[in-house]
Every structure is written in C-alpha cells, then in structure tokens.
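Chemist: what shape does this take:
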Amino acid sequence: MTTWKITYSKDERTEVFELQSSSKPSMEQAVLQLLKMAEKVYEREEPKDLPNEIQTPAVRLAERYGITITGITRD
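Modeler: Residues are numbered from 1 along each chain as shown. Model prediction:
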C-alpha cells in the first residue's frame, strides 16, 4: 500500500490528510474520505449563504466544513 497525502485548505491554513491506497485516489474518492474525516473531527459550520442547489460531496465538504482540496500526492 502507498501513502497518499491529500492537502486541503481550511480556515486559511493548509492541512494534510494521509490515505493508504494501492493506487492514486480520484478527486471524488479523496472528497469522500475527507468528508468522513471532517464529520468526526470538525464542527459543522453555520451556512453563510443559501445552500448550493447541487449538493455533491465536494459542495457539502466546502459548505459544512469550509474545506477545499488543493492536491493529492504520493508520500
């Protein structure tokens, strides 16, 4: 298994989440893994605007936790 580092931005800081996988995770897989982690680690933020009509996992990650993925690299 390879360790993959998923870098993300939260509260104007760059954070790193490590994921074990035999192949590079897709952006969708990375979003789903970060969403699971965020639900356990971070408090849900109050919405600043009306929710986006399209509620993809990436939109939920950004709206609920203020997280955006900035990169996926191999360790």
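
Chemist: only C-alpha atoms, please: export the helix or strand bottoming out on mean pLDDT in the chain in CSV.
Modeler: Least confident helix or strand of the chain, by mean pLDDT, DSSP states H and E, is helix 57-65 with a mean of 92. Taking Å, rounded to 0.1, in the frame of the first residue of the first chain, the C-alpha atoms of helix 57-65 are listed here in CSV:
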residue,chain,number,x,y,z
PRO,A,57,-19.9,15.6,-1.7
ALA,A,58,-17.4,18.4,-2.6
VAL,A,59,-20.0,21.1,-2.2
ARG,A,60,-21.1,19.6,1.2
LEU,A,61,-17.4,19.5,2.3
ALA,A,62,-17.0,23.2,1.4
GLU,A,63,-20.3,24.4,2.8
ARG,A,64,-20.4,22.3,6.0
TYR,A,65,-16.7,22.4,7.0
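
Chemist: need the contact partners of that helix.
Modeler: Applying Cβ atoms under 8 Å, 6 or more residues apart in numbering, the contact partners of helix 57-65 are 10, 27-28, 31-32, 34-35, 38, 42, 44-45, 47, 51-52, 67-69. In short, each C-beta sits where N, CA and C put it, glycine included.

Chemist: which phi and psi does the residue nearest to the spatial centre of the chain have?
Modeler: In the chain, the C-alpha nearest the mean C-alpha coordinate belongs to residue 34, at 3.7 Å (Cα atoms, centre = their mean). The phi and psi values for residue 34, taken as degrees, to the nearest 10, are phi -70, psi -40.

Chemist: thinking it is in contact with residue 67, fair?
Modeler: Yes - when contacts are counted by Cβ atoms under 8 Å, residue 34 is listed as touching residue 67 (6.2 Å).

Chemist: list residues touching both of those two?
Modeler: Common neighbours of residue 34 and residue 67 (criterion: Cβ under 8 Å, 6+ apart): 8, 61.
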